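>>> Below are the sequence and a predicted model; questions follow.
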Amino acid sequence: MSPQGRKIAIVGGSGMLGSITLSALLAKNIHTITAITRSDSTGTFPDACIVKKGKYDDEDFLISALQGQDILLMQLGRFAMDVQASLIRAAAKAGVEYVLPTEFGSDPEAPQMVKEQKILWGKAERRKLVEDLGVSSWIAVANNPWFDWSLGQGAWAIDIKARKAKLYNSGNTKINTTTIKRVGEATAELLSLPEEELAAYKNKAFHVSSFYITQREMLDSVQRVTGTTDKDWMIENKDIDEQAKESDEEIKKGNMMAMIPKFYSAHFREGYGGDYNHKVNMEKFGFAKEDIDEVVKGVVASLSS
């Protein structure tokens, strides 16, 4: 079936993920894209975009900007997540059929993960708001934590600069993880599906993946790229339960950064949604297989610059 052009409003289109998604959508040459942004934003957009500037707490502006749109796509940074409720309500009043909240992370269909990880509670609330308003349908793009961004931040418990690694339960559990570029490209493919196919994702998750991989395999790639071996690294084997307990103790003391190792390690826990490979069908969209060493080279280069 041929791809379908739509009227798509994007919020966060000048950000890290948003700019990639926007470029991929425009490359389709079938969509009418409206970038909604704050009045004081310095973000820039391609000439092919319609740009609507205003205040996110101005309901009249939001409804006007969303009037006639088929899709509201939100790809906001973590400090702007709270504006989504206003946008979702305005989308309902404007009759927007599809809303993609800022998910782009863990599988929302993994109830135990959502229950235990506070970082995911706000995402669940926004999906519920869409359903409660009863006008739009949500689609959650699930990609697990971004592979490349997380690796550069040391969030996979692999510190490239310090050459330290913490392997959860020996690092042999396979999970899915996705590069930022692939997430943006896959989102554009999703929103270009014919209506019959897109409708299948109403109030469901669309699963994306670059690599089905273990933590040990991540470290192996880093070592290949950096020309190192285990003897050059300080490697610790860590029990996931122990990590969760330590993180909870630190969180009680007010150290909110302790949520990060608790969150990332949970993806390697059986039944927590880190492995959703049976839900992935990237071949359907004709994506070429990504080369993990090439991706890691880019991460290492960015850390060196």
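That came in fine, so what should we check first?
>>> mind checking the SS state of residue 53?
For residue 53, the assignment made with DSSP: H, G, I helix; E, B strand; the rest coil gives strand.
>>> Please renumber the chain so that the first residue is 170 from this point on.
Sounds good: first residue 170 from here, last item residue 222.
>>> Beta-bridge partners for it, please?
Beta bridges link residue 222 to residue 206, judged by DSSP bridges.
>>> Check the burial of residue 193 by counting its neighbours.
Residue 193: 19 surrounding residues under other CB atoms under 10 Å. To be clear about C-beta, it is placed using only N, CA and C from the backbone, and glycine gets the same treatment.
>>> so where do the strands sit in the protein?
Counting by DSSP state E, the chain has strands at residues 176-180, 201-207, 219-223, 240-243, 267-269, 306-311, 327-328, 333-337, 344-346, 373-376, 380-382, 403-407.
>>> Could you identify which of these is most buried?
The highest average neighbour count among the strands of the chain, using mean count of other CB atoms under 10 Å, belongs to strand 240-243 at a mean of 27.
>>> Residue 444 is nearest to which of the strands of the chain?
Of all these, strand 344-346 sits nearest to residue 444, with 5.4 Å by CB to CB.
>>> what helices or strands is the helix or strand bottoming out on mean pLDDT in the chain leaning on?
Within the chain, no helix or strand scores below helix 280-285, which has a mean of 92 by mean pLDDT, DSSP states H and E. Contacts defined by 3 or more CB pairs under 8 Å, 6 or more residues apart in numbering; DSSP states H and E place helix 280-285 against helix 290-302.
>>> Alpha carbons only: can I get the helix it packs on in CSV?
Taking Å, rounded to 0.1, in the frame of the first residue of the first chain, the C-alpha atoms of helix 290-302 are listed here in CSV:
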residue,chain,number,x,y,z
TRP,A,290,4.3,7.4,35.9
GLY,A,291,3.8,10.7,34.1
LYS,A,292,3.8,9.0,30.8
ALA,A,293,1.0,6.6,31.9
GLU,A,294,-1.0,9.6,33.1
ARG,A,295,-0.8,11.3,29.8
ARG,A,296,-2.0,8.2,27.9
LYS,A,297,-4.9,8.0,30.3
LEU,A,298,-5.8,11.6,29.8
VAL,A,299,-6.0,11.1,26.0
GLU,A,300,-8.4,8.1,26.6
ASP,A,301,-10.4,10.0,29.2
LEU,A,302,-11.1,12.9,26.9
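>>> when you compare where it runs with where strand 306-311 runs, what's the angle?
Computed with axes from the mean of the first three to the mean of the last three CA atoms, to 10 degrees, the direction of helix 290-302 lies at 160 degrees from that of strand 306-311.
>>> quick one: contacts of helix 290-302?
With CB atoms under 8 Å, 6 or more residues apart in numbering as the test, helix 290-302 has contacts from 250, 253-254, 257-258, 261, 268, 270-272, 274, 277, 283, 305-307, 309, 372.
>>> PyMOL command to pick out the buried ones of those residues?
Selection of the buried residues among those in PyMOL, burial being defined by 16 or more other CB atoms under 10 Å:
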select buried, resi 253+257+258+261+268+270+271+272+274+277+283+305+306+307+309
